[in-house]
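**Student:** pasting the structure only:
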């Protein structure tokens with residue numbers, strides 16, 4: 001099928017260009033001590049998944065929605081900078097990470113500054129309900145990351161725990177992008193709720209696929225440091241499935257890592273395949289939920305975005 005984001009984004013291409021301009025205006029203050037860092041960040045724009053979720057869910061565009069979409073991307077960039085510090089990553093979007101180029105202290109402060117910038121530009125554009133939703137989502141993202149760190153090297157972490165963690169660290173924010181976009185697009189409550197659920201399920205599937213890539217992807221192709229989950233003791237879904245099927249059962253994370261790397265009986269591939277099947281379950285649920293919504297937003301494009309994720313993960 002060869003899904004690609006450029007085609008999916010066609011209906012909102014001009015809107016995304018306005019979002020990009022808003023991001024650049026927010027990050028290119030000449031007197032900022034972080035100016036060089038932000039220029040580096042802006043060299044290679046990402047996939048803009050979160051702004052797209054805002055715009056597709058809104059179904060219309062205006063200055064408020066542009067600001068919301070830009071803020072969503074700035075918050076996302078901030079989380080990536082912090083993630084790279086935690087994971088000691090050296091590559092992001094095919095370029096040096098901020099922590100690698102400027103050091104951990106500066107990277108953490110740059111991420112903090114981006115969070116502050118995102119919420120600052122929102123204060124003059126959106127009402128308290130939107131701020132409340134996004135603030136709560138940011139809080140839960142941090143909570144999910146802390147829970148994952150708390151369970152580093154923990155072989156007792158189960159599938160349900162993992163799914164709860166990634167729902168918080170990834171799904172909740174994508175849900176908030178859809179929810180707030182729909183609210184600013186003046187959708188009725190039923191549609192807002194449907195889009196919020198779509199964002200949550202899409203986000204969970206997105207993170208599962210990302211975790212599979214971290215173990216089996218090609219660093220050059222994906223443009224970021226891979227293998228950090230295993231190096232940092234994070235038990236992601238493929239490792240949970242692998243551990244469950246291993247015989248003998250690894251007794252430590254180091255044994256699990258060695259067993260994974262030495263696996264020659266297809267167990268590693270089965271763990272990846274079963275993880276992608278779980279991602280597919282969430283995508284199917286996200287798409288099924290859309291059937292109850294009237295076409296007051298870009299429904300077909302959101303469905304196409306789901307298909308893109310399936311194809312990206314090689315999910316059958």
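**Tutor:** Cool, the structure landed. The model shown is predicted, which means the values in this text are computed figures rather than measured ones. Residues are numbered from 1 along each chain as shown.

**Student:** only C-alpha atoms for contact and neighbour calcs from this point on.
**Tutor:** Noted.

**Student:** Helix or strand with the lowest mean pLDDT in this structure?
**Tutor:** Ranked by mean pLDDT, DSSP states H and E, the weakest helix or strand in the chain is helix 219-222, scoring a mean of 49.

**Student:** Counting by contacts, list what the next helix or strand after that helix packs against.
**Tutor:** Going down the chain from helix 219-222, the next helix or strand is helix 228-231, by DSSP states H and E. Here helix 228-231 is seen to pack against helix 189-216 when contacts are counted using 3 or more Cα pairs under 8 Å, 6 or more residues apart in numbering; DSSP states H and E.

**Student:** For the helix it packs on, buried residues please.
**Tutor:** 191-215 (16 or more other Cα atoms under 10 Å).

**Student:** Please apply the same query to stretch 110-123.
**Tutor:** Burial within stretch 110-123, assessed by neighbour count using 16+ other Cα under 10 Å, is assigned to 110-112, 114-115, 117-119, 121-122.

**Student:** out of those, who's nearest residue 262?
**Tutor:** Distance to residue 262, by Cα to Cα, is smallest for residue 111 among those, at 37.4 Å.

**Student:** I'd assumed residue 83 was in contact with the closest one.
**Tutor:** No: judged on Cα atoms under 8 Å, residue 111 makes no contact with residue 83 at a distance of 9.7 Å.

**Student:** picking that back up, tabulate the buried residues of stretch 110-123 (TSV), appending pLDDT.
**Tutor:** Shown next, in TSV, are those (pLDDT from 0 to 100):
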residue	pLDDT
110	90
111	90
112	91
114	90
115	91
117	88
118	91
119	89
121	87
122	90
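
**Student:** Please tabulate those residues in JSON lines, including the columns distance to residue 305 and secondary structure.
**Tutor:** Listed next are the buried residues of stretch 110-123 as JSON lines, based on distance: Cα to Cα, whole Å; DSSP: H, G, I helix; E, B strand; the rest coil:
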{"residue": "110", "distance to residue 305": "30", "secondary structure": "helix"}
{"residue": "111", "distance to residue 305": "28", "secondary structure": "helix"}
{"residue": "112", "distance to residue 305": "30", "secondary structure": "helix"}
{"residue": "114", "distance to residue 305": "27", "secondary structure": "helix"}
{"residue": "115", "distance to residue 305": "26", "secondary structure": "helix"}
{"residue": "117", "distance to residue 305": "28", "secondary structure": "helix"}
{"residue": "118", "distance to residue 305": "25", "secondary structure": "helix"}
{"residue": "119", "distance to residue 305": "27", "secondary structure": "helix"}
{"residue": "121", "distance to residue 305": "28", "secondary structure": "helix"}
{"residue": "122", "distance to residue 305": "26", "secondary structure": "helix"}
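
**Student:** farthest-separated two in the residues you listed?
**Tutor:** 110 and 122 (18.5 Å).

**Student:** next one: stretch 160-171 to chain centre, how far?
**Tutor:** 12 Å (Cα atoms, centre = their mean, to the nearest Å).

**Student:** Now that stretch: buried residues?
**Tutor:** Under 16+ other Cα under 10 Å, the buried positions of stretch 160-171 are 162-163, 165-171.

**Student:** Would you mind checking the average pLDDT for that stretch?
**Tutor:** Per-residue pLDDT values over stretch 160-171 give a mean of 97.

**Student:** what's next to that stretch, contact-wise?
**Tutor:** 140-145, 147-148, 199-204, 207, 235-237 (Cα atoms under 8 Å, 6 or more residues apart in numbering).

**Student:** which residues does residue 9 contact?
**Tutor:** 52, 301.

**Student:** tell me the phi and psi of it?
**Tutor:** Dihedral angles phi and psi of residue 9 (degrees, to the nearest 10) take the values phi -80, psi 0.

**Student:** ok, now how distant is it from residue 17?
**Tutor:** For residue 9, the distance to residue 17 (Cα to Cα, to the nearest Å) stands at 11 Å.

**Student:** for residue 77, same thing?
**Tutor:** Distance from residue 77 to residue 17, by Cα to Cα: 17 Å.

**Student:** who's more crowded, the two?
**Tutor:** residue 77 (19 against 12; other Cα atoms under 10 Å).

**Student:** What's the local residue count around the nearest residue to residue 133 once chain neighbours are set aside?
**Tutor:** Of all residues not flanking residue 133 in the chain, residue 176 sits nearest, at 6.5 Å (Cα to Cα, 6 or more residues apart in numbering). Residue 176 has 27 neighbouring residues, counting by other Cα under 10 Å.

**Student:** Residue 261 now?
**Tutor:** 11.

**Student:** roughly how far apart are it and residue 44?
**Tutor:** 32 Å.

**Student:** Please apply the same query to residue 52.
**Tutor:** 17 Å.

**Student:** same check, this time on residue 269
**Tutor:** Residue 269 sits 32 Å away from residue 44, going by Cα to Cα.
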